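Chemist: The following block contains a protein sequence and its predicted model.
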Amino acid sequence: MVDLMVRSLARAACIDDLREMARRRIPRFAFDLVDGGAENERNLRRNVEAFQEIALTPRYMVDVSSIDTQATLFGKTYAAPFGMAPIGMLNAFWPGADLMLARLCKRENIPYVASSAASTTLEELAEAADGNGMFQLYVSGDDSVTEGLISRAEAAGYEVMMVTADVPAAGKRDRDIRNQLAVPFRFTPEVIAQCAMKPLWALTSLRHGTPNVANYANLLQSATSYAEVQKTLITPGFSWDSLAKIRARWRGKLLVKGILHPQDAVKCAEMGCDGIVVSNHGGRQVDFGPATAEVLPGIAGAVSDKLTVIVDSGIRRGADVLRAHALGADFALVGRALAFGVGAGGAAGADRAIALLKLELVRALGQLGARDMAGVGSDHLTAAMPRPPL
Ligand SMILES: Cc1cc2nc3c(=O)[nH]c(=O)nc-3n(C[C@H](O)[C@H](O)[C@H](O)COP(=O)(O)O)c2cc1C
């Protein structure tokens, strides 16, 4: 059984292949939870397409016999210029996914961002990521909940925190509505029928127990409605004033995740933040919004001398990480790409996803004529190339 799995993972050539393997192993409601986006999923597709539409022009006759993919972020050197984005409730997609990914990121020396809404506590994830962990904060409608998370993150040893700004309202995800998805989880007859068709997922889930938002577990026991759960997790009242309070409170590096406008990025710099994540939540929030690749150059142009610029949303290939870098990003995060890996084959599948992204990255660097990330720049953007005189 395990052998068969390893053999089929080895045949996966790209992240899309892992996605397809995950789709076959996971009940529809759980697959849709990760795979889906807001409304028509236009923004979800636009993210992926916008990266893939960007042409980089190779330069040849550069000695690329030795290639170095390392990248530095907040003084720490990682093996690759990408890390795992925060994903809430990922254990519903594959049981035990959070810890598998945190441990793997440590082993592969890439960053792991623990979500406030993870299905494993931030303390357990800090231990598993062992120095490679960062913490993502959702600002709650209840200040004492937010303060509780911040002080726990501090005590757990996180040095970098990213506060997510792009959830003033919950995303409207049509697939989740059709699937009647609820937090805490509900086992409706439809859900039970879907689970019965995916026995390995069902048995593994039984062993791990029902996933929940672990950091809030005690609070949610008393919640009586979905609206109450939402209010505990996020607040539409999150404002620049709230950010100022968080900046004053958090002594470590602070990033704002979910920036799409250059003026918001400038304001983050003025407020003393250390970085931003140019992100649209992987197309899960605003279906009418722009792709991150479209807004990244304008944002990086405005703040790259003041802030660390990270980007996510739509990265599915190693070459996308190079595209992001050419557009001005210092670092990239990937969400679904690694989640699909876990869904396809647990820890071995996530390992395959990282290996594929790294393989593609190394090949693309060589093809581009760059020995390392510092060798990739805006001069590789085909659109920016000088035109010959007519
Ligand atoms: C299922 C799912 C759950 C997510 N949960 C969170 C979360 O808890 N906090 C957060 O800041 N972003 C969350 N995100 C957004 C990711 O951090 C990241 O921005 C996004 O996945 C990047 O797009 P990609 O999946 O195309 O790589 C989530 C994304 C997905 C797919």
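Modeler: Received the coordinates, thanks.
Chemist: Show me where the stretch 101-250 of the chain dips below the pLDDT cut-off.
Modeler: Regions of the stretch 101-250 of the chain meeting the criterion pLDDT under 70 cover residues 183-184, 222-227.
Chemist: how near is the closest residue to residue 277 other than its chain neighbours to residue 305?
Modeler: In space, and not counting its chain neighbours, residue 277 is closest to residue 257: 3.9 Å by CB to CB, 6 or more residues apart in numbering. For every residue, glycine as well, the C-beta is placed using N, CA and C. The gap separating residue 257 from residue 305 is 20 Å, by CB to CB, to the nearest Å.
Chemist: swap in residue 201?
Modeler: With distances taken as CB to CB, residue 201 is found 48 Å from residue 305.
Chemist: Who has more neighbours out of those two?
Modeler: The neighbour comparison of residue 201 against residue 305 (other CB atoms under 10 Å) goes to residue 201, with 21 against 8.
Chemist: what about that one, which SS state?
Modeler: When states are read from DSSP: H, G, I helix; E, B strand; the rest coil, the local structure at residue 201 comes out as helix.
Chemist: what residues does the stretch 1-150 of the chain put near the ligand?
Modeler: Where proximity means CB under 6 Å from any ligand atom, the interface of the stretch 1-150 of the chain facing the ligand comprises 33-34, 47, 85-88, 115, 117, 136.
Chemist: Format those residues as a markdown table; extra columns: neighbour count.
Modeler: Output for those, formatted as a markdown table (neighbours: other CB atoms under 10 Å):
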| residue | neighbour count |
| --- | --- |
| 33 | 22 |
| 34 | 24 |
| 47 | 28 |
| 85 | 28 |
| 86 | 25 |
| 87 | 26 |
| 88 | 20 |
| 115 | 25 |
| 117 | 21 |
| 136 | 26 |
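Chemist: related to what we said a few turns ago, any idea which element the residue nearest to residue 277 lies in?
Modeler: Here residue 257, judged by DSSP states H and E, is contained in strand 253-259.
Chemist: ok, residue 42 - how many residues close by?
Modeler: The local packing of residue 42 (other CB under 10 Å) involves 15 other residues.
Chemist: what's the pLDDT at it?
Modeler: Looking at residue 42, its pLDDT is 98.
Chemist: Thought residue 287 was touching it, still the case?
Modeler: Yes. At 5.3 Å, residue 42 and residue 287 qualify as touching, with contact defined as CB atoms under 8 Å.
Chemist: Can I get stretch 69-87 as PDB, trimmed to CA atoms?
Modeler: The C-alpha coordinates for stretch 69-87 follow below in PDB (Å, rounded to 0.1, in the frame of the first residue of the first chain):
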ATOM      1  CA  THR A  69      18.300  28.700  -4.200                       C
ATOM      2  CA  GLN A  70      18.900  30.100  -0.700                       C
ATOM      3  CA  ALA A  71      17.100  33.200   0.400                       C
ATOM      4  CA  THR A  72      17.200  35.300   3.500                       C
ATOM      5  CA  LEU A  73      14.200  36.500   5.400                       C
ATOM      6  CA  PHE A  74      14.400  38.600   8.600                       C
ATOM      7  CA  GLY A  75      18.000  37.600   9.100                       C
ATOM      8  CA  LYS A  76      17.500  33.900   8.700                       C
ATOM      9  CA  THR A  77      18.700  32.000   5.700                       C
ATOM     10  CA  TYR A  78      16.300  29.400   4.200                       C
ATOM     11  CA  ALA A  79      16.900  26.700   1.600                       C
ATOM     12  CA  ALA A  80      14.400  28.200  -0.900                       C
ATOM     13  CA  PRO A  81      12.700  31.500  -1.400                       C
ATOM     14  CA  PHE A  82       9.200  30.200  -0.600                       C
ATOM     15  CA  GLY A  83       7.500  28.900   2.500                       C
ATOM     16  CA  MET A  84       4.100  27.500   3.700                       C
ATOM     17  CA  ALA A  85       1.300  30.100   3.900                       C
ATOM     18  CA  PRO A  86      -1.100  29.900   6.900                       C
ATOM     19  CA  ILE A  87      -4.100  27.600   6.300                       C
END
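Chemist: about what we covered before: keep only those of the residues of the stretch 1-150 of the chain next to the ligand that are in strands.
Modeler: Applying DSSP state E to these, the entries found in strands are residue 136.
Chemist: Does residue 95 belong to a helix, a strand or coil?
Modeler: Reducing the assignment to helix, strand or coil with three-state DSSP, the entry for residue 95 is coil.
Chemist: Now for whichever residue of the chain sits closest to the ligand: which residues touch it?
Modeler: At 2.2 Å from the ligand, residue 335 is the closest residue in the chain, using CB to the nearest ligand atom. Residues touching residue 335, when contacts are defined by CB atoms under 8 Å, 6 or more residues apart in numbering, comprise 84-87, 282, 312-313.
Chemist: Compute the distance between it and residue 169, please.
Modeler: Spatial separation of residue 335 from residue 169 under the definition CB to CB is 20 Å.
Chemist: ok, now residue 274?
Modeler: 27 Å.
Chemist: and if you look at residue 137?
Modeler: Following CB to CB, the distance that separates residue 137 from residue 169 is 18 Å.
Chemist: More neighbours: which of those two?
Modeler: Taking other CB under 10 Å, residue 137 and residue 169 do not tie; residue 137 has more neighbours (22 against 11).
Chemist: Now do the same for the closest residue to the more buried one other than its chain neighbours: helix, strand or coil?
Modeler: Here the nearest residue to residue 137 in space, its sequence neighbours aside, is residue 163; by CB to CB, 6+ apart that works out to 4.6 Å. Secondary structure assignment for residue 163 (three-state DSSP): strand.
Chemist: pretty sure residue 163 is in contact with residue 256, am I right?
Modeler: Yes. Using CB under 8 Å, residue 163 and residue 256 qualify as a contacting pair, with a distance of 5.8 Å.
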